[in-house]
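Participant: sequence first, predicted coordinates after that:
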Amino acid sequence: MKPVSRRDLAVLAVGVAVVAWLVVRQSYGSLPTLHWWQPVPLGLLAAAEGLGARTLRARLAAERDRRPAPGRSGAAAARPVEPMLVARLAVLAQASAWVGAGFAGLWAGTGVHALSESGRLAAAGGDAVAAAIGVVLSAALVGAALVLEHACRVPEQPDDRDDAPRG
């Protein structure tokens, strides 16, 4: 599995922002009012993934530290982290990064239009605040997802053959 490309996430966010701005510009009067609490689930997911990344990193480090050396018994070894758990977390992290980038673009496009209308429409100020919170929490989700994805990577092992003299 390849890591998520940050460039692709940025392209998605910008593309969705442009489309959202165009759609919101055409239908702003018929959209419901935005509230500050609407993007909060993205922040909760970001917090959960950030804590998950920290926990997984600590468990994997403890497992590597307690791995028995050659010639020692395996009784002192830590209970291993299930490989399928790490794979599922990696998939969750990648999906969350894409979703977070999409929502960041959506909130950004909405916020740009709301800011441009804030002097003319009373509701636009509140919508701009909700959009700003949405952009921040969506970016936090992308960041937490990338940290979780990084925690799921298998550390590079030095290859024994590289140390051998070549002749």
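Facilitator: Yes, it's here.
Participant: measure Val40 to Ala48 for me?
Facilitator: 13 Å (Cβ to Cβ, to the nearest Å). (Each C-beta comes from the backbone N, C-alpha and C, glycine too.)
Participant: so after the helix ranked longest in the chain, what's the next helix or strand?
Facilitator: Looking across the chain with DSSP state H, the single longest helix is helix 83-117. Going down the chain from helix 83-117, the next helix or strand is helix 122-151, by DSSP states H and E.
Participant: tell me the gap between that following helix and the middle of its chain.
Facilitator: 11 Å (Cα atoms, centre = their mean, to the nearest Å).
Participant: that one vs helix 83-117, what angle?
Facilitator: Here helix 122-151 points in a direction 160 degrees away from that of helix 83-117 (axes from the mean of the first three to the mean of the last three Cα atoms, to 10 degrees).
Participant: now do helix 122-151: which elements does it pack against?
Facilitator: When contacts are defined as 3 or more Cβ pairs under 8 Å, 6 or more residues apart in numbering; DSSP states H and E, helix 122-151 packs onto helix 40-66, helix 83-117.
Participant: mean pLDDT for those: which is lowest?
Facilitator: Lowest mean pLDDT of the helices and strands packed on helix 122-151: helix 40-66, a mean of 93.
Participant: returning to that earlier point: how about the helices and strands packed on helix 122-151 in TSV, adding distance to Val136?
Facilitator: Shown next, in TSV, are the helices and strands packed on helix 122-151 (distance: least, Cβ to Cβ, whole Å):
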stretch	distance to Val136
helix 40-66	8
helix 83-117	9
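Participant: contacting residues for Val86?
Facilitator: Contacts here follow Cβ atoms under 8 Å, 6 or more residues apart in numbering; on that basis Val86 touches Leu56, Cys152.
Participant: from Arg25, how far off is it?
Facilitator: Counting by Cβ to Cβ, the gap from Val86 to Arg25 is 44 Å.
Participant: follow-up on the earlier one: out of the helices and strands packed on helix 122-151, deepest packed?
Facilitator: helix 83-117 (a mean of 20; mean count of other Cβ atoms under 10 Å).
Participant: and the angle from that one to helix 40-66?
Facilitator: Using the same axes, to 10 degrees: helix 83-117 against helix 40-66 is 150 degrees.
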